[in-house]
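Trainee: Sequence first, then the predicted structure:
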Amino acid sequence: MPHLRPFVAAVVRPIPITTREQRIAELDRAGHNPFNLPADKVSIDLLSDSGTGAVSVDQQAWAQRADERYAGAESFYRFRDAVRDIVPYRHILPVHQGRAAERVLFSALLGPGRISLSNTHFDTTRANVERLGAEARDLPCREAADLDSAEPFKGNIDVDAVREVLSGPDGSRVGQILITITNNGGGGQPVSMANLEAVSAVARAHGVPLILDAARFAENAWLVTRREPGYQDWTPREVARRAFELADGAIASLKKDGLSPEGAFIGVHDTDLADRCEVDVIATEGFRTYGGLTGHTMEQLAQGLREVLDPHYLEDREREAAFLAQRAQEAGVDTVRPAGLHAIYLNAGRVLPHLQPRHFPGHALACALYREGGIRCAELGSLYLGTFDAQNELVTPAPFELVRLALPRRVYDHSHLEYVAEILAGIAKNPERVPGYRLTHAPGVLRHFRCRTEPI
Ligand code: F0G
């Protein structure tokens, strides 16, 4: 049976068709930082899969029924019920986006001198741990270091390493174990149920809360049904529910698998912990039955959470990502394997071997994709993860020079991805034409979002 895409466009948005000259001028104006480009000069926007998806006609229809009352709105209860169909925690608090959930929950679990252990903290997650004076320690599994291997669960945490920390001198300082599903900072790779079970047992034995950063819980569940022995006959919903059951709580940005432009939740079993979070949410986000969200958004989210676990939708997403990865490889551009669902990660270090890490090959490839094709994306390499001295010279490069092509949900079709692959192939044919970059302005905090660069 050939694959049939399970939706069509119901409302469309035109995209700008620009010339190379216009794009060169835009890049100059933007200080050669894709985050500074105005979106109306971007033809294909692969900067993020967060809040960038298309909503469905049913989401729009439900949004019409929004109840915007301050406390106890019907829209809140519909939202909470939809979350509870997947997430078995006693307490669910809505907040406006994932990083608000991080800030609130981490403030309750961490503090100066405390440690957060993770497979990989995502960038805002790390920032929210460090702002509290706590340490964010990444313990990815060994397989994660080999970008080319086809190991199915390279998002796993190294459970032996977790056990070692918990039984060692730092053990009493660990305030949480945070598992990011799927592992966005680690190539978008999934975490297996076996790994979650193992880390859950270790966490319980040591009395440390296990928290899921579940922004892409549905995509992780889908990859479990595809890749993990014993789960082939489970539905994505059953797998997702089981994953949440193995943890003590979760934070989830719903801008991804909630299929909505905004929203997140904090979910915990522990009533004391929920109380502390609730006070913070009421003081900084909004009353506990809206947390900064409109009824309109909560209705969209309730319906989005019903749609996102549809196996047809998830299979389609897997196929699109695999298609782009395959086309990139055919164009001579290596990608992190195996392909995940929310993004394709290009191995820019290999595409542009003439550029040293201090000239930012990932950033150079991201800028080239915009210059040659109006495609926006961002690097995950030394510009983001390197360490620098006071003169803005790179001291420690990132382990890999990657570029993330994030895939907005239900937005681009095969022809758009074919176009991306063609532009990529053109760049890969003459890689030496791609210049390196140097920093001209480098703020110390959240550098990659705010820096300016110039070609050399
Ligand atoms: N956790 C993970 C794993 C994420 O990927 C993100 C956001 C967040 C937390 C924060 O959520 O944006 O709702 O505040 N990731 C986006 C991205 C920005 O492009 O990967 P948020």
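Mentor: Done, it's in. Numbers count the residues shown, from 1 in each chain.
Trainee: The closest residue to the ligand within the stretch 151-300 of the chain - nearest residue in space that isn't next to it in sequence?
Mentor: The nearest approach of the stretch 151-300 of the chain to the ligand comes at residue 253, 3.1 Å away (C-beta to the nearest ligand atom). In short, each C-beta sits where N, CA and C put it, glycine included. Spatial nearest neighbour of residue 253, excluding adjacent residues (C-beta to C-beta, 6 or more residues apart in numbering): residue 98 at 2.6 Å.
Trainee: State the distance from the one you found to residue 256.
Mentor: Distance, residue 98 to residue 256, using C-beta to C-beta, to the nearest Å: 8 Å.
Trainee: got any residues that touch both of the two?
Mentor: Listed as contacting both residue 98 and residue 256 by C-beta atoms under 8 Å, 6 or more residues apart in numbering are residue 215.
Trainee: ok, now which ones touch the residue in the chain positioned nearest to the ligand?
Mentor: Closest residue of the chain to the ligand, C-beta to the nearest ligand atom: residue 98 (2.4 Å). Going by C-beta under 8 Å, 6+ apart, residue 98 touches 124, 213, 215, 251-255, 264.
Trainee: let's see it at 7 Å
Mentor: The neighbourhood of residue 98, defined by C-beta atoms under 7 Å, 6 or more residues apart in numbering, consists of 215, 251-253, 255, 264.
Trainee: Against residue 307, how distant is it?
Mentor: 19 Å.
Trainee: Over to residue 80?
Mentor: For residue 80, the distance to residue 307 (C-beta to C-beta) stands at 17 Å.
Trainee: next one: residue 25
Mentor: From residue 25 across to residue 307, the span is 40 Å (C-beta to C-beta).
Trainee: Would you mind telling me which of the two has the busier surroundings?
Mentor: Between residue 25 and residue 307, residue 307 has the larger neighbour count (other C-beta atoms under 10 Å), namely 20 against 13.
Trainee: surely the more buried one meets residue 259?
Mentor: Yes: look at residue 307 against residue 259 with C-beta atoms under 7 Å: they come within range, at 6.0 Å.
Trainee: How about the residues of the stretch 1-150 of the chain by the ligand?
Mentor: For the stretch 1-150 of the chain, the residues in contact with the ligand (C-beta under 6 Å from any ligand atom) are 48, 50, 97-99, 122, 124-125.
Trainee: now the stretch 251-400 of the chain
Mentor: Within the stretch 251-400 of the chain, the positions near the ligand by C-beta under 6 Å from any ligand atom are 253, 255, 264.
Trainee: and the second one, helix, strand or coil?
Mentor: Okay, so that is residue 255. What DSSP: H, G, I helix; E, B strand; the rest coil gives for residue 255 is coil.
Trainee: Which residue is the nearest non-sequential neighbour of it?
Mentor: Using C-beta to C-beta, 6+ apart, the closest residue to residue 255 is residue 51 (3.9 Å).
Trainee: and the one you found, how many neighbours does it have?
Mentor: Neighbours of residue 51 (other C-beta under 10 Å): 17.
Trainee: That one and residue 409, how far apart?
Mentor: Distance, residue 51 to residue 409, by C-beta to C-beta: 10 Å.
Trainee: need the residues of the stretch 1-150 of the chain next to the ligand in JSON lines with secondary structure and pLDDT, can you?
Mentor: Listed next are these as JSON lines, based on DSSP: H, G, I helix; E, B strand; the rest coil; pLDDT from 0 to 100:
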{"residue": "48", "secondary structure": "coil", "pLDDT": "98"}
{"residue": "50", "secondary structure": "coil", "pLDDT": "98"}
{"residue": "97", "secondary structure": "coil", "pLDDT": "98"}
{"residue": "98", "secondary structure": "helix", "pLDDT": "98"}
{"residue": "99", "secondary structure": "helix", "pLDDT": "97"}
{"residue": "122", "secondary structure": "coil", "pLDDT": "92"}
{"residue": "124", "secondary structure": "helix", "pLDDT": "89"}
{"residue": "125", "secondary structure": "helix", "pLDDT": "94"}
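Trainee: Can you list the residue ranges for helices in the stretch 201-350 of the chain?
Mentor: All helices of the stretch 201-350 of the chain, identified by DSSP state H, counting those that start in this stretch, fall at 217-227, 236-245, 271-284, 295-307, 311-330, 348-351.
Trainee: tell me what the fourth one is packed against?
Mentor: This means helix 295-307. helix 57-63, helix 74-84 (3 or more C-beta pairs under 7 Å, 6 or more residues apart in numbering; DSSP states H and E).
Trainee: Any idea how far that helix is from the middle of the chain?
Mentor: Computed by C-alpha atoms, centre = their mean, to the nearest Å, the chain-centroid distance of helix 295-307 equals 20 Å.
Trainee: List the contacts of it.
Mentor: Contacts of helix 295-307 (C-beta under 7 Å, 6+ apart): 55-56, 58-59, 62-63, 65-68, 73, 75-76, 78-79, 82-83, 86, 94, 254, 258-260, 262-263, 313.
Trainee: Mark which of the residues you listed are buried, thanks.
Mentor: Neighbour-count burial within the contacts of helix 295-307 applies to 55-56, 59, 62-63, 66, 73, 75-76, 78-79, 82-83, 86, 94, 254, 258-260, 262-263, 313; the criterion is 16 or more other C-beta atoms under 10 Å.
Trainee: Okay, buried residues for stretch 304-320 please.
Mentor: With burial defined by 16+ other C-beta under 10 Å, the residues of stretch 304-320 counted as buried are 304-310, 313-318, 320.
Trainee: Tell me the strands beside the longest strand along the chain, with direction?
Mentor: In the chain, taking DSSP state E as the definition, the longest strand is strand 174-180. Sheet pairing of strand 174-180 (DSSP bridges) gives strand 115-118 (parallel), strand 210-213 (parallel).
Trainee: okay, those in JSON lines with mean neighbour count and mean pLDDT next?
Mentor: As requested, those are exported to JSON lines (neighbours: other C-beta atoms under 10 Å; pLDDT from 0 to 100):
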{"stretch": "strand 115-118", "mean neighbour count": "25", "mean pLDDT": "98"}
{"stretch": "strand 210-213", "mean neighbour count": "25", "mean pLDDT": "98"}
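Trainee: Distance to residue 400 added to these, as a markdown table?
Mentor: Below are the strands paired with strand 174-180 laid out as a markdown table (distance: least, C-beta to C-beta, whole Å):
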| stretch | distance to residue 400 |
| --- | --- |
| strand 115-118 | 18 |
| strand 210-213 | 21 |
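Trainee: Done for today, thanks.
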